[in-house]
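# Sequence and predicted model, in that order:
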Amino acid sequence: MSRSVKTLGVSLGAGLLGVILSIPPFSLDLQEHFGLKLLFYLRGVRRPPSEVIIVSLDRESVAALHLPKKIQKWPRSLHAQLVQTLTRRGAAVIIFDLLFDEAHGMNVDNAFAATVNDSGRVVLCESIRQEKIPISDAQGDYLADLNIETLVSPISPLSQSAIAMAPFPLPKIPIQLSQFWLFKAGAGNSPTLPVVAFFIYASGHYESFYRLFNQVRPNSDPTLSHIWDEVVHQRRIEETLIAYREIFNRDPLIAREMRDRLASPDNQGFDAAERKMLNGFIRMFQSKNSRYLDFYGPAGTFNSLSYYKVLASRGGAETVDGHPTPKPSGFEGKVVFVGLSENLQPQRQDGYHTVFSKKNGIDISGVEIAATAFSNLLEDRPLTHPDWPMHLLIVFAFGLFLGVVCVVLPVGMATMSVIGAGGLYLSIAWICFDTWALWIPVVIPLFILMPLALVGTVVCRYCLANREREGIRKAFGYFLPDTVIDQLAKNLGNLDAGNQVVYGICLYTDAQQYAALSETMDPKALSRFMNRYYERLFVPVRKHGGIVSDVVGDSMMAIWAKSKPDASLRASACHAALGIVEAIRQFNRDNEKIRLHTRIGMHAGHILVGNIGAVDHYEYRPVGDIVNTASRMEGMNKYLGTRILISDQVLQRLDGFLTRRLGEFLPFGKSNPVVIHELLGYLKDISPEQQQLCSCFEAGIRAYQQKDWAAAIEAFEQALAIYRADGPSIFYKKYCEAFMNNPPDENWDGTVVMGQK
């Protein structure tokens, strides 16, 4: 199987696996119970809107006011006093998350109802009664149960006095609460408590909303009033909400048209605050029946005041039991939720398990959830996730990426890349969640696909490596000692056809002035000298995983081989080449009287590793054009005045090395040109002079290729002004001077033809 086919197959498989695992309801439960919890944990506590205050019916109030523990039995005269206090102090809306479905006595109830009516800003809670009615066919056989939901309003005096009433149903199942209802379809599409509270609180913008709505759909519902006071006077707040909701459901395009109209130049009279409120109205009516809760934190995150302290403040006392009472201005313009919000167990009767529930069993109360839902509406910040096509695309793309990385890269690099990509993905998910309340999938990509990809890669590579080592031992056992076979087996993958063709990097060295040295030295002294020379030469090769294949006179050939192209293999060869230059520099410092400079040529490609010889003598060596080209490139150092020349095939996709492109050369005796680079060192060590030199040389090469000989000569002279012994600049300057007198023909493409080795 070819590498590209294998990569494509594994990548598509990983992506499709992610898509399959993302199909609801399995993935949705995982995302809610684990992914959402993780994102809330990473985000931490978020400050709720200052416009929201909770008045808590808590144990402290029970003790301070000598009240019964059962909240429903608290005197309604106290609730009336609370309403009077909050109204006098300027509360915008007062929402009771309590059920008043039982009479406490006509006088008491009427007095409380009168206070509620005088306030004109109290919203009371309704309950939903569910009934199951069995359905039978004509023969009387049972078919199914019909679920009927009926709203149960507070007692008559209160229901007639409140500005509005609404239910706030919250399920105890599933275990972790993540969503709330905006409109309860089973109960006649009734708006819920947070929706009604938001509608009343934002009533100052209602008439602007009506005008915007009427611009898009003129006279679509004659029963809708354009004046808020009429809506309140006629007790039609709930009906108005239901009417708008049904219009938006029937006409899905209306939301987009209203937003477009709101953004048009004709409606520039709206300030930022009003635009936000109008967009909140549009999104509320456009949304699905339920919405995910964007929790602000654990229980107690909202600004909360004890019930008895608010009552005590009505008398002007500055402190109650040593605690300061709320300032009169503290409720002005606020939305006040009244309900059970107790942080102490076991008296909790109204707790719900959420992502912020604590290990000690403290959950978030229903009134805090109502305040959270209202605050989400107020901020126009719904917790959203991508639609399913985009959700699946994200998971598929991440799985595809994991597949490519795990197949293409070595195990170590693949592991680090996958972990890094996972960290980056989680960071992006956290930023999206924290900034825009956008919930992108994290469980399937990070906690299922990533571990499967890593474990699968390690297991497959381990099995493949064992198979490769056995193949190598069998292929080369006749030609190499066991130590060499072991070294090769660690770095060579499965061999292709014939178990002999491999991908390799060939490094060829030659000692400058060796011929003159051999004429002047005693053979034994020369042998000892060269042994010390090669001892220095071999160390960088072996340190970086290369195999010394051949040593003849003053030349050495080393190879790095694997079954398929590998960037890390080429990087190792480049490290070895730079190590050789440094080792020989130190060698020459240690041998001041005799200096032996070394030239290096490197080329990469597929080679045949096999036996060369006949009869009873064979040698293991690499064979192929790569070897010959590396030798020719080493020889080109003499003419270019360089130390290390590498081909484009060696350099591709390598980072961290300082190189310069010398151009396209046709080595002596070859028919195909080779793009040559000079390997100068490491990028981290580059000096300003080297950087300037490379820039001047690059400008000269560009001019040379454009046949602008004068500009090229000028650029090369600038390079020589920086470093007068720069061999490539000297070479090209002479070349350009020759072309000025004898220009090349029209078919010339810039290739330098070498006339000798």
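Okay, I see it. Residues are numbered from 1 along each chain as shown.
# how far is stretch 376-396 from where the chain is centred?
15 Å (CA atoms, centre = their mean, to the nearest Å).
# Residues touching that stretch, excluding its own?
With contact meaning CB atoms under 8 Å, 6 or more residues apart in numbering, stretch 376-396 is reached by 15-16, 18-19, 21-22, 31, 49, 51-52, 194-195, 198, 201-202, 276-277, 279-280, 283-284, 287, 291-294, 335, 437-441, 444-445, 449. Just so you know, the C-beta spots here come from the backbone N, C-alpha and C atoms, and that holds for glycine as well.
# what comes up buried for that stretch?
For stretch 376-396, a neighbour-count test (16 or more other CB atoms under 10 Å) marks 376-383, 385, 391-392, 394-396 as buried.
# Quick check: end-to-end length of it?
31 Å (CA to CA, to the nearest Å).
# Kindly provide the distance from the closest residue to Tyr292 other than its chain neighbours to Pro49.
Leaving aside its sequence neighbours, Tyr292 sits nearest to Leu383 (CB to CB, 6 or more residues apart in numbering; 3.9 Å). Per CB to CB, to the nearest Å, Leu383 is found 15 Å from Pro49.
# What of Met165?
Following CB to CB, the distance that separates Met165 from Pro49 is 24 Å.
# So if I had to pick from those two, which one is more boxed in?
Met165 (23 against 17; other CB atoms under 10 Å).
# Just confirm the more buried one is within a helix.
No - remark: Met165 does not belong to a helix; assigned using DSSP: H, G, I helix; E, B strand; the rest coil, it is strand.
# That one pairs with what?
Leu124 (DSSP bridges).
# Helices of the stretch 151-300 of the chain, start to end?
156-161, 193-201, 206-216, 228-233, 237-250, 253-263, 272-286 (DSSP state H, counting those that start in this stretch).
# buried set for the fourth one?
Okay, so that is helix 228-233. So, applying 16+ other CB under 10 Å, buried residues of helix 228-233: 228, 231-232.
# Now render these as a markdown table, adding distance to Ile594.
As requested, those are arranged in a markdown table below (distance: CB to CB, whole Å):
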| residue | distance to Ile594 |
| --- | --- |
| Trp228 | 102 |
| Val231 | 104 |
| Val232 | 106 |
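# Low-confidence stretches in the stretch 501-650 of the chain?
Within the stretch 501-650 of the chain, the segments meeting pLDDT under 70 span 610-620.
# run the last query once more with 90
In the predicted model of the stretch 501-650 of the chain, residues 501-502, 511-531, 547-554, 561-566, 588-597, 608-624 satisfy pLDDT under 90.
# returning to what we had before: just the buried residues of the contacts of stretch 376-396.
15, 18-19, 21-22, 31, 49, 51-52, 194-195, 198, 201-202, 277, 279-280, 283-284, 287, 291-294, 335, 437, 439-441, 444-445, 449.
# just to revisit the earlier point, the contacts of stretch 376-396 in strands, which ones?
Cross-referencing those against strands under DSSP state E gives 52, 291-292, 335.
# And these, which is closest to Arg643?
Tyr292 (64.5 Å; CB to CB).
# so that closest one makes contact with Ser178?
Yes - applying CB atoms under 8 Å, one finds Tyr292 in contact with Ser178, separated by 5.8 Å.
# on that earlier part again, now for the buried residues of stretch 376-396, which pair is the farthest apart?
Top of the distance list for these (CB to CB): Leu378 and Phe396, 36.6 Å.
# Check which residues of stretch 416-424 are buried.
Buried-residue list, stretch 416-424, by 16+ other CB under 10 Å: 417-418, 421-422.
# quick one, domains of the protein?
3-43+384-464, 52-379, 484-686 (automatic domain parsing).
# Just put those in a markdown table and tack on distance to Ala711.
Shown next, in a markdown table, are the domains of the chain (distance: least, CB to CB, whole Å):
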| stretch | distance to Ala711 |
| --- | --- |
| domain 3-43+384-464 | 42 |
| domain 52-379 | 55 |
| domain 484-686 | 16 |
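# Ok, which of those domains comes nearest Gly700?
domain 484-686 (10.2 Å).
# residues making contact with the strand or helix carrying Val650?
Using DSSP states H and E, Val650 sits within helix 648-651. Here helix 648-651 makes contact (CB under 8 Å, 6+ apart) with 505, 570, 573-574, 602-605, 657, 659, 674-677.
# Mind checking which of the residues you listed land in strands?
Per DSSP E, the contacts of helix 648-651 map to strands at 505, 602-605, 657, 659, 674-677.
# from these, which is closest to Met258?
When those are ranked by distance to Met258 (CB to CB), Phe657 comes first, at 59.2 Å.
# need the contact list for that closest one.
574, 651, 679, 681-683.
# Swap in 10 Å and give it another go.
Listed by CB atoms under 10 Å, 6 or more residues apart in numbering, the contact partners of Phe657 are 571, 574-575, 577-578, 646, 650-651, 677, 679-684.
# Now the phi/psi pair for the residue nearest to Tyr292, please.
phi -80, psi 110 (degrees, to the nearest 10).
# do the same with the one 5 residues further on
Taking degrees, to the nearest 10, you get phi -60, psi -40 for the backbone angles of Trp388.
# how close does it sit to Pro24?
8 Å.
# Can you tell me the closest non-neighbouring residue to Val548?
Nearest non-adjacent residue to Val548 (CB to CB, 6+ apart): Ala558, at 5.2 Å.
# Quick check, central residue of this structure?
Centroid check for the chain by CA atoms, centre = their mean gives Tyr425 as the closest residue, at 2.2 Å.
# In a helix, it, correct?
Yes - with three-state DSSP as the criterion, Tyr425 is part of a helix.
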